[in-house]
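A.B. asks: Could you look at this predicted model? Sequence included:
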Amino acid sequence: DAKTTQPTSMDCAEGRAANLPCNHSTISGNEYVYWYRQIHSQGPQYIIHGLKNNETNEMASLIITEDRKSSTLILPHATLRDTAVYYCIVRLHGSSNTGKLIFGQGTTLQVKP
Amino acid sequence: GAVVSQHPSRVICKSGTSVKIECRSLDFQATTMFWYRQFPKQSLMLMATSNEGSKATYEQGVEKDKFLINHASLTLSTLTVTSAHPEDSSFYICSAPPGLPRETQYFGPGTRLLVL
């Protein structure tokens, strides 16, 4: 699975949009971009995933660049409960998918009042 | 959404004892589950893949005789830390993908182990 690079930490004001970037310059054509987050002392929570089109769900939006070498997770109206470590993971789908998730260091997002 | 539970949520034990941690998928069957370990201020590290009806697959550097994994049924995997030592103190987390394909995974709430 391709390696990802994320900023170590970010701050965001409550109520504002939080934009979390992720670089995955070595991503291959059949690898998807996944985002999970981990609130302190809890198990990770799935947020969203995508291949090349932008995706949106009730939690967030995922914007993937046309060359797929980077992506941005957008939390449209951050709340204090969104304070967490956000992990960007790139992995294969299909028959090559072992189900494994390899976590990098992630981005610690601090939402401030 | 799919729910994965872990038991116990927290355990304290003496050095040299064994500790069993359970991971259950509550509303779906999982032929595969995954076990992770997380030390303070570090990321999750995959330890092993638990396979129902067959042996677990361990990641490089993880001692299979120390971390015994048993996938007893389609909804239960157990991780036993044998002869635990203080350096085994960590946050242990399991995950399970509901069915195939294994695109999305659901994580348990984690078990905090403290070995004295």
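C.D. replies: Perfect, thanks for sending it.
A.B. asks: Name the residues linked to the residue most central in space within chain B by a beta bridge.
C.D. replies: Relative to the mean C-alpha position of chain B, the nearest C-alpha, by C-alpha atoms, centre = their mean, is the one of B:W35, at 3.6 Å. Applying DSSP bridges to B:W35 gives these bridge partners: B:A48, B:C94.
A.B. asks: just A:S71 next, same as before
C.D. replies: Bridge pairing for A:S71 - DSSP bridges - gives A:C22, A:I64.
A.B. asks: From chain B, how far out is it?
C.D. replies: Computed as C-beta to the nearest C-beta, to the nearest Å, the A:S71 to chain B distance reads 17 Å. Where you see a C-beta, it was placed from the backbone N, CA and C, and this is true even at glycine.
A.B. asks: Next to chain B, which bits of chain A? Give me the list.
C.D. replies: Neighbours of chain B within chain A, by C-beta under 8 Å from any C-beta of the partner chain: A:32, A:38, A:41-46, A:49, A:87, A:93-94, A:97-106.
A.B. asks: you'd agree B:E87 is in a helix?
C.D. replies: Yes: looking at B:E87 with DSSP: H, G, I helix; E, B strand; the rest coil, it is inside a helix.
A.B. asks: ok, now which ones touch it?
C.D. replies: Residues in contact with B:E87 (C-beta atoms under 8 Å, 6 or more residues apart in numbering or on different chains) are B:V115.
A.B. asks: which residues are in contact with stretch B:48-65?
C.D. replies: Here stretch B:48-65 makes contact (C-beta under 8 Å, 6+ apart) with A:98-100, B:23, B:30-35, B:45-47, B:67, B:69-71, B:73-74, B:77, B:79, B:82, B:94.
A.B. asks: 10 Å - rerun?
C.D. replies: Residues outside stretch B:48-65 that contact it (C-beta atoms under 10 Å, 6 or more residues apart in numbering or on different chains) are A:98-100, A:102, B:23, B:29-37, B:45-47, B:67-79, B:82-83, B:94, B:96.
A.B. asks: how about the strands in chain A?
C.D. replies: With DSSP state E as the criterion, chain A has strands at A:9-13, A:18-23, A:31-38, A:45-50, A:55-56, A:61-64, A:70-75, A:84-92, A:107-112.
A.B. asks: What lies in contact with the last one?
C.D. replies: Strand A:107-112 is touched from outside by A:6-16, A:18, A:20-22, A:37-38, A:40, A:73, A:75, A:78-88, B:41, with contacts defined as C-beta under 10 Å, 6+ apart.
A.B. asks: if I pick the residue positioned nearest the centre of chain A, what's in contact with it?
C.D. replies: Central residue of chain A (C-alpha atoms, centre = their mean): A:W35, 3.2 Å from the mean position. By C-beta under 10 Å, 6+ apart, the contact set of A:W35 is A:20, A:22, A:45-50, A:55, A:59-60, A:62, A:71-73, A:86-89, A:106.
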